[in-house]
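# Okay, sequence plus prediction incoming.
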Amino acid sequence: MVQHLAVDEAQAFEYDVQLTCEPDASLRERYPHMTMRCTEAQTALRRRVESPEELSALLVEIGAVGLTLTDVHRVASGGPGVYEVRVVGELGGPLLRYLKCAHYSVQRQTLVRLTLAAGELHRFLQACADSGARLERVRRVGAPVLAGSR
């Protein structure tokens, strides 16, 4: 049986929000405490790995050709053992063939970090969507923020 826990709508959490473009000026004024940084275009590489040693070998291979790693995670929908590795830049055909990975391009994104009450998150995300910024990912990070520490 799954137990659902209620979230206090006033409880504050820190969130990372990935957007397709920078929030507009009105959104930055409404949420002045948010921090932003932009990422470069990236290439996402996917490969099935059967063991930790195979994942390690893939990471060594990527480093050996001089690529800058930005993210590594297991792909839940890809089946057991499918990992996605993201690297800076858009890779060309010869390098992609050498790495023998399924791949796709990831466009430049804006990463926003801010602390919001649980009930305020929906309003922030709606304001982002209304401003034309497509949401790529929202993730709660860290423990709840104590009242008065924002």
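Good, I have the coordinates.

# drop to CA atoms for contacts and neighbour counts, all remaining ones
Will do.

# Strand partners (parallel or antiparallel) of the helix or strand of the chain with the lowest mean pLDDT?
Here the helix or strand of the chain ranked lowest by mean pLDDT, DSSP states H and E is strand 135-145, holding a mean of 85. Strand 135-145 has the following sheet partners, assigned by DSSP bridges: strand 12-19 (antiparallel).

# quick one: what helix or strand has Glu40 in it?
Assessed by DSSP states H and E, Glu40 sits outside every helix and strand.

# same thing with Ala129?
Assigned by DSSP H and E, Ala129 falls in helix 118-130.

# picking up where we left off before, could you export the least confident helix or strand of the chain as CSV, CA atoms only?
C-alpha atoms of strand 135-145 as CSV (Å, rounded to 0.1, in the frame of the first residue of the first chain):
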residue,chain,number,x,y,z
LEU,A,135,9.3,24.0,-19.0
GLU,A,136,11.8,21.2,-19.5
ARG,A,137,12.2,20.0,-15.9
VAL,A,138,11.3,20.9,-12.4
ARG,A,139,13.1,19.3,-9.4
ARG,A,140,12.9,20.0,-5.7
VAL,A,141,16.3,20.1,-4.2
GLY,A,142,17.4,19.8,-0.6
ALA,A,143,15.4,19.8,2.6
PRO,A,144,12.5,22.1,3.4
VAL,A,145,13.5,25.6,4.1
